[in-house]
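Visitor: Quick check, what structure comes out for this input:
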Amino acid sequence: MKKIGLLLIIVIFLVGCGKELKTNNDFKLTSNYNQSNIDKSTEENKINEDNINNLNTNNLSNSNNISSNNDISNNDKIVISYIENIDQKIDNLLKKNKNEKTENKVKGIFITLVDFVFYDGEIKEISFNDLTKEGKEKVLFLINAIDIKIEKYFPGYKENISSKASSAFLKASELIKKGAYDINNFTKEKLGKENYQEIINAKEELFFYTNKAFSIVSDFSNSLFNNLKDSFNDWYINFKKNN
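Guide: Numbering: from 1, shown residues only. Below you'll find the predicted structure:
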């Protein structure tokens, strides 16, 4: 009987050890599996972070000043620099005052930029057609950014520029935006004959706003107002006397 009792104790002990060993092995296997998943997840997260960082870097590179691009011309650099300067002046204007005087001035700036893009106006004797493809895209990108900025401070400002040409300015804005992100989507002709003529017909109204903006866009030559050149020059002389 003693031998049988001892034998039972040994069996129970061995079974218990086997279960503990199995439990320990299962735990190790589970731990290894979980650690493997953690390592895999960590690696995947790192890849995703790298992809996001690369994407952000690419976006920042695309938004950088294109004047560092070897594919652009000297004319591009002159015009881009000038419009960037206008953008900065608009920032200063909008920070100081959000009133009717400021709104009239920024309307005049947008009108002048539309004249440059669609009506062969010039900046320092350089027209939009004189720019390279890359230069045109960057210029449209800057003008679109200016348009968005003005719209933020003065919602619906384009609709209030002229009773005759509000739809034409909206169309011009739409085309500029498309060209800003893909120059292949932009052509002046898409403005349409009717819209093109509407802006010309409204030039007397528009002249009021461009006068207000003259201190900022003085290096522009506006083709829209050629027949008003004398009065524009008179205004310029008076402006110089008062400043």
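
Visitor: So which bits of the stretch of helix or strand residue 198 belongs to are buried?
Guide: Per DSSP states H and E: residue 198 is located in helix 193-201. Buried residues in helix 193-201, counted by 16 or more other Cβ atoms under 10 Å: 195-196, 198-199. No exception for glycine: its C-beta is placed from N, CA and C like everyone else's.

Visitor: and it, average pLDDT?
Guide: The pLDDT scores in helix 193-201 average 91.

Visitor: Quick one: name whatever helix or strand follows that helix.
Guide: Assigned by DSSP H and E, the successor of helix 193-201 is helix 203-212.

Visitor: Give the buried residues for that following helix.
Guide: Those would be 203, 206-207, 209-212, for helix 203-212 by 16+ other Cβ under 10 Å.

Visitor: re the thing from before, mind giving me the packing neighbours of the helix holding residue 198?
Guide: Applying 3 or more Cβ pairs under 8 Å, 6 or more residues apart in numbering; DSSP states H and E, one finds that helix 193-201 contacts helix 100-118, helix 166-181.

Visitor: What residues of the longest one count as buried?
Guide: By 16+ other Cβ under 10 Å, the buried positions in helix 100-118 come out as 102-118.

Visitor: Same check on the last one?
Guide: Of the residues in helix 166-181, those with enough neighbours to count as buried (16+ other Cβ under 10 Å) are 166, 168-169, 171-173, 175-180.

Visitor: Throw these into JSON lines and include pLDDT, thanks.
Guide: Output for the buried residues of helix 166-181, formatted as JSON lines (pLDDT from 0 to 100):
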{"residue": "166", "pLDDT": "92"}
{"residue": "168", "pLDDT": "95"}
{"residue": "169", "pLDDT": "96"}
{"residue": "171", "pLDDT": "96"}
{"residue": "172", "pLDDT": "96"}
{"residue": "173", "pLDDT": "97"}
{"residue": "175", "pLDDT": "97"}
{"residue": "176", "pLDDT": "97"}
{"residue": "177", "pLDDT": "96"}
{"residue": "178", "pLDDT": "95"}
{"residue": "179", "pLDDT": "96"}
{"residue": "180", "pLDDT": "96"}
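
Visitor: Need the residues you listed in CSV (columns: distance to residue 156).
Guide: Below are the buried residues of helix 166-181 laid out as CSV (distance: Cβ to Cβ, whole Å):
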residue, distance to residue 156
166, 9
168, 15
169, 11
171, 15
172, 15
173, 12
175, 19
176, 17
177, 16
178, 21
179, 23
180, 21
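
Visitor: quick revisit: and residue 71, which of the helices and strands packed on helix 193-201 is closest to it?
Guide: helix 166-181 (16.9 Å; Cβ to Cβ).

Visitor: which strands and helices sit next to that closest one?
Guide: Checked by 3+ Cβ pairs under 8 Å, 6+ apart, helix 166-181 has helix 100-118, helix 133-153, helix 193-201 packed alongside it.

Visitor: between that helix and helix 193-201, how big is the angle?
Guide: 110 degrees (axes from the mean of the first three to the mean of the last three Cα atoms, to 10 degrees).
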